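Chemist: no FASTA, just this:
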């Protein structure tokens, strides 16, 4: 059947698929620090979350859930520029990618998390006066939607990448987060103390060092690649975003607001260009995310980390 008589294709030039080629290519070139995201990524991760316990049996009012993860993220380039119309300055064009993040339990295969969202590359602006930035937007089926804003940093690596220490210690609402290395006063976080309010059985191979600082999993993984497998980390693009400082934000359904309010989130996605022992390059993403949950007068860091390889 010819296109002239096909009821769907028709014969109008405006329907020609060739008209989008130039725009799609220009869009891909304009992703800037997001340029290596499009594709399929997969790998292991870890999640730590203190969730409310309504039974009244927990002395501290929470249950510490710990999971090894298996994660899959697929990024797709948005096929044209997104125009933001200006009223106090000229219009800007935003470029970006959509993503779908799926997470299953690394031991049982049970479903844990699904998250559709977008990453955006935003040009510098005059109103407001702001350098080029990036943003991450996503929705979570618990009833949360977030927008985090930040910056990208490119680093050439000599040896191991710098992954700073972190803390999982809960703290009172309104107080400053305790610095890394602070002793955790809650028995649920101490593997040397039996607790019925912690995942049981524990994920196989989980150590106290990872509970205290989940980013240790990222350091251990890349150290094994470099020191044990002969890989090299050539460079890394850090995508750093946050909902803090009155930029971006989190919106929750009423149940979340009343029971385990999510007030703030920060994440760092490090896209590493790796070279294996045979000289072959591959892309690896190491990420960490901290979502601060508040209930019973305390703030509990919900931490997830992962190391994913780009396969397609």
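Modeler: Right, received. Where do you want to start? Bear in mind the structure is a predicted one, so any value in this text is a computation, not a measurement.
Chemist: Given the host helix or strand of residue 286, what are its sheet partners and their directions?
Modeler: Taking DSSP states H and E as the criterion, residue 286 maps to strand 281-295. Partner strands and pairing direction for strand 281-295 (DSSP bridges) are strand 261-275 (antiparallel), strand 298-310 (antiparallel).
Chemist: can you list these in JSON lines and add distance to residue 64 and mean neighbour count?
Modeler: Using the backbone N, CA and C atoms, a C-beta is placed for each residue, glycine as well. As requested, those are exported to JSON lines (distance: least, Cβ to Cβ, whole Å; neighbours: other Cβ atoms under 10 Å):
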{"stretch": "strand 261-275", "distance to residue 64": "17", "mean neighbour count": "20"}
{"stretch": "strand 298-310", "distance to residue 64": "9", "mean neighbour count": "21"}
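Chemist: wait, which of the ones you listed is closest to residue 180?
Modeler: strand 298-310 (11.4 Å; Cβ to Cβ).
Chemist: Could you export the strands paired with strand 281-295 as a markdown table, including distance to residue 53 and mean pLDDT?
Modeler: Below are those laid out as a markdown table (distance: least, Cβ to Cβ, whole Å; pLDDT from 0 to 100):
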| stretch | distance to residue 53 | mean pLDDT |
| --- | --- | --- |
| strand 261-275 | 16 | 97 |
| strand 298-310 | 12 | 98 |
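Chemist: Tell me which of the ones you listed lies nearest to residue 144.
Modeler: strand 261-275 (5.5 Å).
Chemist: how long is stretch 292-302 from one end to the other?
Modeler: 6 Å (Cα to Cα, to the nearest Å).
Chemist: How far away from the center of its chain is that stretch?
Modeler: 19 Å (Cα atoms, centre = their mean, to the nearest Å).
Chemist: Then stretch 134-145?
Modeler: Using Cα atoms, centre = their mean, the offset of stretch 134-145 from its chain centre is 10 Å.
Chemist: how long is that stretch end to end?
Modeler: So stretch 134-145: terminal residues 17 Å apart, Cα to Cα.
Chemist: What average pLDDT does it get?
Modeler: Across stretch 134-145, the average pLDDT comes to 97.
Chemist: And for stretch 178-189?
Modeler: 97.
Chemist: What are the buried residues along it?
Modeler: Neighbour counts over stretch 178-189 (16 or more other Cβ atoms under 10 Å) mark 184, 186, 188, 189 as buried.
Chemist: Quick check: closest non-adjacent residue to the first one.
Modeler: Going back to what we said before, that points to residue 184. Leaving aside its sequence neighbours, residue 184 sits nearest to residue 169 (Cβ to Cβ, 6 or more residues apart in numbering; 4.7 Å).
Chemist: Just confirm the one you found is within a strand.
Modeler: No - with DSSP: H, G, I helix; E, B strand; the rest coil as the criterion, residue 169 is assigned coil and is not in a strand.
Chemist: Now do the contacts for it.
Modeler: 177, 178, 182, 183, 184, 185, 189, 301 (Cβ atoms under 8 Å, 6 or more residues apart in numbering).
Chemist: again, only this time at 10 Å
Modeler: By Cβ atoms under 10 Å, 6 or more residues apart in numbering, the residues touching residue 169 are 177-186, 189, 212, 299-301.
Chemist: Would you mind measuring from it to residue 229?
Modeler: Going from residue 169 to residue 229 by Cβ to Cβ, to the nearest Å gives 33 Å.
Chemist: all helices in the stretch 1-150 of the chain, in order from the N-terminus.
Modeler: Along the stretch 1-150 of the chain, counting by DSSP state H, counting those that start in this stretch, helices occupy 21-29.
Chemist: mind showing which ranges of it have poor pLDDT?
Modeler: 1-25 (pLDDT under 70).
Chemist: hang on, the earlier thing: which two from the buried residues of stretch 178-189 end up farthest apart in space?
Modeler: 184 and 188 (8.8 Å).
Chemist: ok, back up a step: name the residues of the strand holding residue 286 that are buried.
Modeler: 283-295.
Chemist: quick revisit: which one of the buried residues of stretch 178-189 is nearest residue 98?
Modeler: residue 189 (36.3 Å).
Chemist: Just read off the phi/psi values of the closest one.
Modeler: phi -90, psi 0 (degrees, to the nearest 10).
Chemist: And it, how far from residue 206?
Modeler: 12 Å.
Chemist: Identify the contacts common to the two.
Modeler: Common neighbours of residue 189 and residue 206 (Cβ under 10 Å, 6+ apart) are 48, 66.
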